[in-house]
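1. return atomic coordinates for the entry below.
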Amino acid sequence: MKLIEDYNFPKEVFGHKLNRDLIWEVVRAYLYNQRQGKASTKTRAEVSGGGRKPWRQKGTGRARQGSIRSPLWRGGGVVFGPRPREFQLKMPKRKKRLALLQSLSHMYQEQRIKIIDGIDLPQPKTRLLFDLIKSLDLADKKVLIVVPRKDPELSLAARNIPNIEVEQVDGLNTYQVLNHDYLLFTHEAIETGVERWKSTKS
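-> Take a look at the predicted model:
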């Protein structure tokens, strides 16, 4: 593993100015779309039991009640509780791409992108990967390792290291980029990414 310090970052990809409003819009949509919307409570109609009137209407001195599944009762139905719903905000591809390029440009301008010639782990061992991260002075940083394709062994090695995440270059998004202190690209990954980002129309 060798650090590449003389990589030529193309302006078409890494020369964009950060638009905070656009970034906020895209990140908000991304986080919104992660929600499952499965929270649910039962109304009095859905709670089982309660078909019999608890006590007669008059003569007991207590307030009249029609069912033990009334929202007034413990274990009864819930009024205006959460119901399953779909959380989804659509975002134009052009906006998503532009936000990604702006976030990558921001990381580049802040000198928070590092490129290595590759990651070759003889075994999917956490210690081996941690030593590699430590050699780059990133042991106490939140690092996103970007690879050209799925790498199960690398993902396995990174799983037990706090603040280390592995992502394929094709799956990179604005939130991931800005949510990490450093981006660690393999040379093949950044070449693949640059080719992809330059060829996509804005």
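
2. who touches Leu128 in this structure?
-> 121-122, 157 (C-beta atoms under 8 Å, 6 or more residues apart in numbering). Using the backbone N, CA and C atoms, a C-beta is placed for each residue, glycine as well.

3. top of those by neighbour count?
-> In terms of neighbour count, Ala157 stands highest of the contacts of Leu128 at 24 neighbours, by other C-beta atoms under 10 Å.

4. how close does that one get to Gly50?
-> Going from Ala157 to Gly50 by C-beta to C-beta, to the nearest Å gives 55 Å.

5. which helices and strands does the lengthiest helix in the chain pack with?
-> Counting residues, the longest helix found in the chain (DSSP state H) is helix 93-109. Applying 3 or more C-beta pairs under 8 Å, 6 or more residues apart in numbering; DSSP states H and E, one finds that helix 93-109 contacts helix 11-14, helix 20-34, helix 174-178, helix 187-199.

6. could you dump the contacts of Leu128 to TSV with distance to Gln65 and pLDDT?
-> Shown next, in TSV, are the contacts of Leu128 (distance: C-beta to C-beta, whole Å; pLDDT from 0 to 100):
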residue	distance to Gln65	pLDDT
Leu121	67	79
Pro122	72	79
Ala157	62	89
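
7. give me the subset of those that lies in helices.
-> Taking DSSP H, the ones among these that sit in helices are Ala157.

8. and which of the contacts of Leu128 is nearest Gly76?
-> Ala157 (51.4 Å; C-beta to C-beta).

9. tally of neighbours for the nearest residue to the closest one once chain neighbours are set aside?
-> Closest residue to Ala157 apart from its sequence neighbours, by C-beta to C-beta, 6 or more residues apart in numbering: Leu129 at 4.2 Å. Leu129 has 23 neighbouring residues, counting by other C-beta under 10 Å.

10. just to be sure, Leu129 is in a strand?
-> No: judged by DSSP: H, G, I helix; E, B strand; the rest coil, Leu129 forms no part of a strand; its state is helix.

11. separation between it and Val13?
-> Using C-beta to C-beta, Leu129 is found at 27 Å from Val13.

12. residue ranges with poor pLDDT in the protein?
-> Within the chain, the ranges that satisfy pLDDT under 70 run 200-202.
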